[in-house]
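**Q** Let me see the structure of the following:
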Amino acid sequence: MVHDILLKAEQLSYTYEGSDVPALNGLSLEIQRGRKIACMGANGSGKSTFFLCCNGIRKPDSGRLYFEGRPLDYSKKGLLSLRSKVGVVFQDPDDQLFSANVLQEISFGPLNLGLTQQETKQRAAQVMERLGITPFAHRPVHALSGGQKKLVAIADILVMEPSLILLDEPAAALDPIHTRIVREIIDEISASGITIVTATHDVDYAWSWAEDVLLFHEGRLLACGAPEEVFTKKELLDTASLEEPCVLSMYQALREKDLLPDLQNCPRTLNDLKEYLRYV
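**A** Below is the predicted model:
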C-alpha cells in the first residue's frame, strides 16, 4: 500500500532558553499518512520537543516543517487551522486540562474553532461515548483519576477530528487496566485512518504495535524503519539506550539453539511466539 507524506521535517533545530544544548539538532524525517509510528530514544533525545513543534506550540529556531505539503503557517489563523488537524496528547494530562468539568474541557477546542454550540455538543457526545467517559461529563476535571484524565486528554484531541495525533508517553503512570484501555483506544483510532505517532520507552509495545520506528538521539534522527530493521541492530539500541524487545530476544535465542525454523516473519507478540512453538 502506498502512503503519502503527511508531515515532513527538514533540518529542524531548537534550543530552549537558558540551555546550551540543542533539543533538536538538524532533525529531518517524514511521517506517512495512516501509519502507526513509535518514536523512541533516551530522555532528552528530542521527542517531546519535536511533538511541540509539529503543532506550532514551539517554533524551530531553524529548519522547516511541512504539513500536507505546505510549510507551517505561524499566524494566528494558520495555527488554529493546524491544531485542528495535528493534536498533541501531553505525557502529564494536568499540563493539558484546564476547564471546570469534562464536557466544558472537550467542548473548548471545537468552540474555539468556530463550531456552533449544537455541532460542538454533538461532537463531544460522540467522542465521550467512543471513549467510555460519558458518565464523567459533568464531573470536575480535578476529581478524575490519572487514567480518566488521560482519556479526557485524548478526547480533547479526538473531538477536533484531526489527521495526525502525537501521544507523548500515553501509558506513563497508568495502572495496567488503564494502560490496556488507552492502548485499545489508540488501536481503534488508528483503525479509523488517523495517523498515530507515539513516544514511548516501552520496546515491547513498540515491537508488537508499530509499523514504523523513529529512533531519536541527541536531537537527530538516528534510524527510521520497520521494527525488524531497527530492533535487530544492537548498535542502534545501545546508542539510543534501549533494550531488545523480549519476544525478539526469545525468538533469536530459540533460533540459535535450532529450536525454531528460520521464519519469514519474526513473532511480534508472546501469542505469536506460542503459536510458532506449537509446531516445533
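
**Q** State the three-state secondary structure for residue 184.
**A** Counting by DSSP: H, G, I helix; E, B strand; the rest coil, the backbone at residue 184 sits in helix.

**Q** Check residue 21 too.
**A** Judged by three-state DSSP, the three-state class of residue 21 is coil.

**Q** Does it touch residue 15 like I think?
**A** Yes. Using C-beta atoms under 8 Å, residue 21 is in contact with residue 15, at 7.2 Å. Just so you know, the C-beta spots here come from the backbone N, C-alpha and C atoms, and that holds for glycine as well.

**Q** quick one: the strands in the stretch 51-200 of the chain?
**A** Ranges of strands in the stretch 51-200 of the chain, per DSSP state E, counting those that start in this stretch, are 62-67, 70-71, 86-89, 164-168, 195-199.

**Q** Who are the packing partners of the first one?
**A** Applying 3 or more C-beta pairs under 8 Å, 6 or more residues apart in numbering; DSSP states H and E, one finds that strand 62-67 makes contact with strand 5-14, strand 24-32, helix 47-54.

**Q** From residue 74, how far out is the residue nearest to residue 102 when sequence neighbours are not counted?
**A** Excluding the flanking residues, the one nearest residue 102 by C-beta to C-beta, 6 or more residues apart in numbering is residue 136, at 4.8 Å. Per C-beta to C-beta, to the nearest Å, residue 136 is found 35 Å from residue 74.

**Q** Settle it for me: which of the two has more neighbours?
**A** Applying other C-beta atoms under 10 Å to residue 136 and residue 74 shows that residue 136 carries more neighbours, namely 22 against 11.

**Q** Tell me, how many residues neighbour the residue nearest to residue 83 when sequence neighbours are not counted?
**A** Spatial nearest neighbour of residue 83, chain neighbours left out: residue 55 (5.2 Å); criterion: C-beta to C-beta, 6+ apart. Burial of residue 55, expressed as a neighbour count using other C-beta under 10 Å, amounts to 23.
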